[in-house]
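Engineer: fold the following for me, if possible:
(one chain, ligands or ions: 2)
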Amino acid sequence: MSLAAFLELRGARAVVVGGGRVAARRARTLLDAGLVVHVIAPSVSQGLRDLPVTVEQRSYHAGDLAGAALVVAATDVDAVNDAVAAEARAAGVPVNHAGHAERGTLRFPAVMERDGVQIAVTTGRELPMLAQALAEATGPLLPDAAHLDAWSRRREAALNAAPDDRTAALAGLRDDIRAHLGLTGASA
Ligand SMILES: C[C@@]1(CC(=O)O)c2cc3[nH]c(cc4nc(cc5[nH]c(cc(n2)[C@H]1CCC(=O)O)[C@@](C)(CC(=O)O)[C@@H]5CCC(=O)O)C(CC(=O)O)=C4CCC(=O)O)c(CCC(=O)O)c3CC(=O)O
Ligand SMILES: NC(=O)C1=CN([C@@H]2O[C@H](COP(=O)(O)OP(=O)(O)OC[C@H]3O[C@@H](n4cnc5c(N)ncnc54)[C@H](O)[C@@H]3O)[C@@H](O)[C@H]2O)C=CC1
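Structural biologist: Numbering: from 1, shown residues only. Ligands and ions are numbered 1, 2, ... in the order given. Take a look at the predicted model:
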C-alpha cells in the first residue's frame, strides 16, 4: 500500500518536464493546489500556455530540477522521463512519471472536492477510468457547507463541554453524521 496523504504545497515550486496533454492536466492540478508551476519542453501546447505557468521552451537538462518541491516527468520519451525521475529521486523530491507510474514516487489520484472536503481515489495500478468512476460515485456523498459548518460548531461545543457531557455530545454528532451519509449501526 502507498502512503495516502494530502500535501500543503501552496507557493512551492513544481517543475513539469513536457508540454503536451498530460503535462497540461498535471499543471492544472498543481495550480489548483497553489503551486508555482514551471514548464520545460521544446514544444508547449496552447492549452498549457494559456495557464498561469512560466515556460522554458527547450529540452530538459540535468540540473533543471533545482529548487523544485515536486516534479512531473510528462514527456513522450521514456528515457527522458526516466532521467527526470532519477534526478528527482537523487534530490529527494517526489516525482510523477507519466509513462510508468511505478518508476516515479508519486501517483495522481482522481479527486472530488466540495467546500474543502476531498475524496481521492487511487487504484494502486493504472486504471484511471476506475479511479475516476469511483471518485465520481462518491461525489453525491459530499456534504454542503451548511452541514459542515453546523457539524464543526457542534464538535467545538462538545470539546468545550464538561467531561460528563462531552462523550455523549460527540457520540450524538457521530451518529448524526453517519445517518446523513446513509450509514446505520456502529462504525467499523
Ligand atoms: C498511473 C496514472 C498516472 C499517475 O498518477 O502516475 C495514470 C496513467 C494513465 N492514464 C492514461 C489515460 C488517461 N488518463 C486520464 C485521466 C486521468 N488519469 C489520472 C490518473 C492516472 N492516470 C494515474 C493512475 C490512477 C489510478 O488508476 O489510480 C487521473 C485520475 C488524475 C490525473 O491525471 O491527474 C485523471 C482523471 C482526471 C479527472 O478526474 O478529471 C485520461 C483522460 C480522461 O479519462 O478523461 C486518459 C485518456 C486520455 C489520455 O490519454 O490523456 C494512460 C494511457 C492509457 C489509458 O488510456 O489507460 C495512462 C498510462 C497507462 O495506463 O499506462
Ligand atoms: N499518466 C497519464 O494520465 C497518461 C500518460 N501518458 C504518457 O505520458 C506521455 C506524454 O503524453 P502526452 O502529454 O499526450 O504527449 P504529447 O505528445 O502531447 O507531449 C509530449 C511532450 O513532451 C515534450 N518533450 C519531448 N522531449 C522532451 C525533452 N527532451 N525535454 C522536455 N520535453 C520534451 C514535447 O515537447 C511535448 O511537449 C505519453 O507518452 C505516455 O507515456 C499518456 C496518456 C495518459
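Engineer: can you map out the strands along this structure?
Structural biologist: Under the criterion DSSP state E, strands of the chain are mapped to 13-17, 36-40, 54-56, 70-73, 95-97, 110-114, 117-121.
Engineer: of the ones you listed, which approaches S2 most closely?
Structural biologist: Closest approach to S2 among the strands of the chain (C-beta to C-beta): strand 117-121, 11.5 Å. Every C-beta, even on glycine, is put in place using the N, C-alpha and C of the backbone.
Engineer: that closest one and ligand 1 in contact?
Structural biologist: No. Judged by C-beta under 6 Å from any ligand atom, strand 117-121 makes no contact with ligand 1; its nearest approach is 6.6 Å.
Engineer: show me the contact partners of that strand.
Structural biologist: Here strand 117-121 makes contact (C-beta atoms under 8 Å, 6 or more residues apart in numbering) with 4, 6, 109-113, 131-132, 134-135, 138-139, 141-143, 148.
Engineer: buried subset of the residues you listed?
Structural biologist: When the contacts of strand 117-121 are checked for burial by 16 or more other C-beta atoms under 10 Å, the buried set is P109, A110, M112, A131, Q132, L134, A135, L142, P143.
Engineer: please work out which residues outside stretch 160-172 touch it.
Structural biologist: Residues outside stretch 160-172 that contact it (C-beta under 8 Å, 6+ apart) are R154, R155, A157, A158, L159.
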